[in-house]
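In: Here is my input; please provide its structure:
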Amino acid sequence: MGLKVVTIGGGSSYTPELVEGLIKRYREFPVKELWLCDIEEGREKLEIVGGLARRMVKKAGLDMEIHTTLDRREALPGADFVTTQFRVGGLAAREMDERIPLKYDVIGQETNGPGGMFKALRTIPVIFRLIRDCEELCPDAWIISFTNPAGIITEAVFRHTGWRRFIGLCNGPVNMEKDIKNVLHTGEEDVVDIRFGGINHMVFALDVRVNGIKKNEELIDALANAGDSETLKNIVSLPWSKHFLKGIKYYGIGYLRYYLQKEEMLRQLKEDAAKGCCRAQVVRRVEKSLFEKYADPALESKPKELEERGGALYSDAACRLMSSIYNDRGDIQTVNTQNGEGIPNMPPDAVVEISCVITKDGPKPVRVGELPVQIRGLIQQLKAFEVLVTDVALSGNYDDALLAMTVNPLVQSEITAKKILDEMLEVHKKFLPQF
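Out: Predicted structure coming up:
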């Protein structure tokens, strides 16, 4: 019997990559029904993407039905897996998340600082409504969420709902692994084992081994001598000094720049915004080009231009994760889930981004060890911010919202936090019924 996968946000520009991943894994992960679900505002994109998906499946010669719908309750009954890839408020909301903080000399970014907070506040209530539908219509489904901010959303689900078949997924560690292999010049024959630990968008390669030999020091030396590598399209890649890299000793995700190159990143983001090149505007142009290609009836495969989206490899990672759960594979993948005993100096019930053994019962965190002192403080401070934001997403309490924004490392000023909070509450009020 074939599997049923439902994608919430099916009109996303990422969907062709998801379809490609399902086609590639059809023998091991036989999807009979793929339901692409969106909202009325996404109708046109949904139909365009649905048409391309059908052409891709037809070209592959597979028995996979592609359904499109604007009613998720029509799509969900009996689903085995539900993936999420939606953006509440669309790119217009993202642009406000990026631009408003810049007015107050605070970094504006969709998953960090005030922008990440407001993206979470808009998104968490929608995720909770989806979970209530899943409890009724597909109680045995796994929800694989690569809706941002992945870590805060997963934290909210585990803190405030009883649903446990939920996994947050990010392409960050996938790209970091790719970078590490490039820097170390590994080949197909090499066995590369990387253990990741931290939280979403603040994760580090804690243990790097090639053919069983520890390579942490060699990796840092190579990065220090050649300049560090960064494949995430949505982050300005300002170089680290060799002294800093040798001091920190661990390779971290590019988002670290927002906190430890704060002034330089702020300057760059303000320059980009002044030129009409904030990330939301860049993505809008990339998506316009992508959907023009998707609408071509002659197109039967994922266009290469999709790699220019910041989340490239998200969808393929989701397909690999779903296949590993279905096949009880027991391989190692990095996901967002509850810590357990994986990182001893983080609470067991905290959601972390960590290397896990993937089984039919979900991810089992690998014991990656304690967070080193040089990265521990920032991660714990950001985790406190995440927890506060999950509470605010439910309560809509203004006082708690002000506290959460103030303690974020990119703000750390009550006066500035209040100005940003008030303006963002006003521009996003349509999507914040809890307030």
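
In: CA atoms for contacts and neighbours, from now on please.
Out: OK.

In: Now do the contacts for Leu432.
Out: The neighbourhood of Leu432, defined by CA atoms under 8 Å, 6 or more residues apart in numbering, consists of Leu121, Arg122, Leu425.

In: quick one: which of those has the most company?
Out: Most neighbours among the contacts of Leu432, by other CA atoms under 10 Å: Leu121, with 28 neighbours.

In: pretty sure that one contacts Leu388?
Out: No - the pair Leu121 / Leu388 is not scored as a contact, 11.1 Å apart, by CA atoms under 8 Å.

In: all helices in the stretch 201-350 of the chain, in order from the N-terminus.
Out: Ranges of helices within the stretch 201-350 of the chain are 216-226, 242-248, 257-260, 262-274, 279-294, 314-326, based on DSSP state H, counting those that start in this stretch.

In: which among the contacts of Leu432 gets closest to Ile153?
Out: Nearest to Ile153 out of those is Leu121 (CA to CA; 9.3 Å).

In: That closest one: what secondary structure?
Out: helix (DSSP: H, G, I helix; E, B strand; the rest coil).

In: Quick check: pLDDT value at it.
Out: Per-residue pLDDT puts Leu121 at 98.

In: Name the nearest residue to it, ignoring sequence neighbours.
Out: Spatially, and ignoring its direct neighbours in sequence, Leu121 is nearest to Ala393 (4.9 Å; CA to CA, 6 or more residues apart in numbering).

In: Same check on Glu386?
Out: Ile152 is the one closest to Glu386 (CA to CA, 6+ apart), at 5.4 Å.

In: Okay, and the one you found sits in which element?
Out: helix 150-160 (DSSP states H and E).

In: Now find how far off-centre the very next helix or strand once past that helix is within its chain.
Out: Counting by DSSP H and E, the next helix or strand C-terminal to helix 150-160 is strand 166-168. The chain centre lies 11 Å from the centre of strand 166-168; the measure is CA atoms, centre = their mean, to the nearest Å.

In: what does strand 166-168 rub up against?
Out: Here strand 166-168 makes contact (CA under 8 Å, 6+ apart) with 142-146, 150-151, 153-154, 157, 335-337.

In: Quick check: mean pLDDT of the helix holding Ile152?
Out: Per-residue pLDDT over helix 150-160 has a mean of 98.

In: in it, what's buried?
Out: Using 16 or more other CA atoms under 10 Å as the test for burial, helix 150-160 gives Ala150, Gly151, Ile152, Ile153, Thr154, Glu155, Ala156, Val157, Phe158, Arg159.

In: export those to a markdown table and tack on distance to Leu260?
Out: Below are the buried residues of helix 150-160 laid out as a markdown table (distance: CA to CA, whole Å):
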| residue | distance to Leu260 |
| --- | --- |
| Ala150 | 22 |
| Gly151 | 20 |
| Ile152 | 21 |
| Ile153 | 25 |
| Thr154 | 25 |
| Glu155 | 25 |
| Ala156 | 27 |
| Val157 | 30 |
| Phe158 | 30 |
| Arg159 | 29 |
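
In: what about Glu28, how many residues close to it?
Out: Neighbour number of Glu28 under other CA under 10 Å is 12.

In: Over to it. Which of the three states is it?
Out: coil.

In: The closest residue to it other than its chain neighbours and Asp140, how far apart?
Out: Among residues not flanking Glu28 along the chain, Ser323 sits closest, at 6.9 Å (CA to CA, 6+ apart). Note on Ser323: its distance to Asp140, by CA to CA, to the nearest Å, is 16 Å.

In: And for Glu264?
Out: In this structure, Glu264 and Asp140 are 47 Å apart, going by CA to CA.

In: now Ala280
Out: Look at Ala280 and Asp140: by CA to CA, they are 36 Å apart.

In: Lys45 now?
Out: 30 Å.

In: same thing with Met176?
Out: Going from Met176 to Asp140 by CA to CA gives 32 Å.

In: Which one of the two is surrounded by more residues?
Out: Per other CA under 10 Å, whichever of Met176 and Asp140 has more neighbours is Met176, with 24 against 13.

In: Phi first, then psi, for the most centrally placed residue in the chain.
Out: With distances taken as CA atoms, centre = their mean, the residue of the chain nearest its centroid is Cys170 (3.6 Å). The phi and psi torsions at Cys170 (degrees, to the nearest 10) take the values phi -140, psi 150.

In: which stretches of the stretch 301-435 of the chain form strands?
Out: For the stretch 301-435 of the chain, the strands defined by DSSP state E, counting those that start in this stretch cover 332-338, 351-359, 362-365.

In: for the first one, which positions count as buried?
Out: Along strand 332-338, these residues count as buried under the neighbour rule (16+ other CA under 10 Å): Ile332, Gln333, Thr334, Val335, Asn336, Thr337, Gln338.

In: In JSON lines: the residues you listed, plus distance to Glu218 and pLDDT.
Out: Shown next, in JSON lines, are the buried residues of strand 332-338 (distance: CA to CA, whole Å; pLDDT from 0 to 100):
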{"residue": "Ile332", "distance to Glu218": "23", "pLDDT": "97"}
{"residue": "Gln333", "distance to Glu218": "23", "pLDDT": "97"}
{"residue": "Thr334", "distance to Glu218": "22", "pLDDT": "98"}
{"residue": "Val335", "distance to Glu218": "26", "pLDDT": "98"}
{"residue": "Asn336", "distance to Glu218": "28", "pLDDT": "98"}
{"residue": "Thr337", "distance to Glu218": "30", "pLDDT": "98"}
{"residue": "Gln338", "distance to Glu218": "31", "pLDDT": "98"}
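
In: can I get those in JSON lines with distance to Cys319?
Out: Converted to JSON lines, the buried residues of strand 332-338 look like this (distance: CA to CA, whole Å):
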{"residue": "Ile332", "distance to Cys319": "14"}
{"residue": "Gln333", "distance to Cys319": "12"}
{"residue": "Thr334", "distance to Cys319": "14"}
{"residue": "Val335", "distance to Cys319": "13"}
{"residue": "Asn336", "distance to Cys319": "16"}
{"residue": "Thr337", "distance to Cys319": "17"}
{"residue": "Gln338", "distance to Cys319": "21"}
